[in-house]
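Visitor: Pasting the sequence and the predicted model now:
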Amino acid sequence: MITYKRFHLAFPVRDLNTTKDFYKKILNCKIGRESESWVDFNLYGHQIVAHLAPEECSYVNSNKVDEDQIPCSHFGVILDWHEWEELYKKLDLLKINFLINPKIRFKNKSGEQGTFFIKDPSGNVLEFKTFKNDADVFKKF
């Protein structure tokens, strides 16, 4: 297992209570510090911070990747394969709409990866990925 430093990401949301419900109940994030205008979450060991800024929650442009329109602005984490499978199965059971359904890219090739995209209640796009071989994360084609 490769150990990396944690990252920090701040993003805008429309409503803190709805955001807390989603990240806590759907993604199992622990809540850290919070105020009336922001809340910290633990997303798989990384600190993400939802800032109340409804005016900044707007449409996101996309680019075509393979056959999907991938939102240009998105964030997420790379999980171990079994964690990724467990998460997409859980989200499916909870009837969470996938923006891009779970799929395997580059099957049986270097860089084989699983990916799916969802949106939070404010429209922020999250991508969850996994790689068959962790050494392929930054490997060039």
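Guide: Looks like it arrived, so ask away. Residues are numbered from 1 along each chain as shown.
Visitor: For stretch 4-23, buried residues please.
Guide: Neighbour-count burial for stretch 4-23 flags 11-14, 16, 19-20, 22-23 (criterion: 16 or more other C-beta atoms under 10 Å). C-beta here means a position set from N, CA and C on the backbone, and glycine is covered the same way.
Visitor: In strands, which of the residues you listed appear?
Guide: Filtering these for membership in strands, criterion DSSP state E, returns 11-13.
Visitor: which one among these gets closest to residue 71?
Guide: residue 11 (12.7 Å; C-beta to C-beta).
Visitor: So that closest one is in contact with residue 124, correct?
Guide: Yes. Using C-beta atoms under 8 Å, residue 11 is in contact with residue 124, at 5.4 Å.
Visitor: intersection of neighbour lists for these two?
Guide: residue 75 (C-beta atoms under 8 Å, 6 or more residues apart in numbering).
Visitor: Show me what the longest helix seen in the chain is packed up against.
Guide: Identified as the longest helix of the chain according to DSSP state H is helix 81-93. Packing partners of helix 81-93 (3 or more C-beta pairs under 8 Å, 6 or more residues apart in numbering; DSSP states H and E): strand 98-105, strand 113-119, strand 125-131.
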